[in-house]
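J.: below: sequence and its predicted model.
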Amino acid sequence: MKAIYNIRIVIVLVLSIATAACNPQQNQSQSATDTVQHEAGETVSEELPEAPDFQLTDMHGEEFILSDHNGKVVVLNIWATWCPPCREEIPYFIDLQEEMRDDAIFVGVSVDEEGWEVVEPFAEEFGINYPLVVDNGTVSDKYGPFRGIPATFFINREGEVAYMAPGMIPEQMIRAILEELIDG
């Protein structure tokens, strides 16, 4: 009986780590213990909703307008510099952006309260090769509320939200979703 109980604890811990998300109210000194109850890559609905459009200034001072990217698959990632699962996703976002740049675009929407003061040096340190914007409440209002971050929305070529992935998701799942949306 004790062995079964120990196995259950290990399974719960593994699932908690795999779906870890940061609470947007946390700061750097807090751990990422908030978990998400949905599976990553879950289809949003049978009838796909149109992705809410938004316009924010990117790190280079240019306007990023979501609807300007219709015709490409968009990976909209809500994140923060202090969030460990967010930081873990960034290297494979960079790789996938480079690999799939003709068909897909990643956009990082930072919810850091300090704004560009922390986002810009972070982006330079990590060598982020996709557009970054700092949310002024617009994206959170249209796509939220978020129980935790990261939260990733996969928007098809027609501008519809095809998938929503709460929490950190593995690279192979992102790749599979992107290939489906690009080929579909």
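T.: Yep, it's here.
J.: out of the helices and strands in the protein, which is least certain?
T.: Ranked by mean pLDDT, DSSP states H and E, the helix or strand of the chain with the weakest confidence is strand 34-35, at a mean of 28.
J.: what ranges does this structure have for its strands?
T.: 20-21, 34-35, 42-43, 55-57, 63-65, 73-79, 104-110, 132-134, 151-155, 161-166 (DSSP state E).
J.: please enumerate residues in contact with stretch 60-70?
T.: With CB atoms under 8 Å, 6 or more residues apart in numbering as the test, stretch 60-70 has contacts from 51-58, 74, 76, 105, 107, 131, 133, 155, 157-159. All C-beta atoms are positioned from the backbone trio N, CA, C, and that covers glycine.
J.: what's the offset of that stretch from the middle of its chain?
T.: Its chain's C-alpha centre and that of stretch 60-70 lie 17 Å apart, by CA atoms, centre = their mean, to the nearest Å.
J.: what's the burial count for E125?
T.: Using other CB atoms under 10 Å, E125 is surrounded by 9 other residues.
J.: same question, F93
T.: F93 has 24 neighbours, counted by other CB under 10 Å.
J.: quickly note the distance from G144 to P170.
T.: To P170, G144 is 23 Å away according to CB to CB, to the nearest Å.
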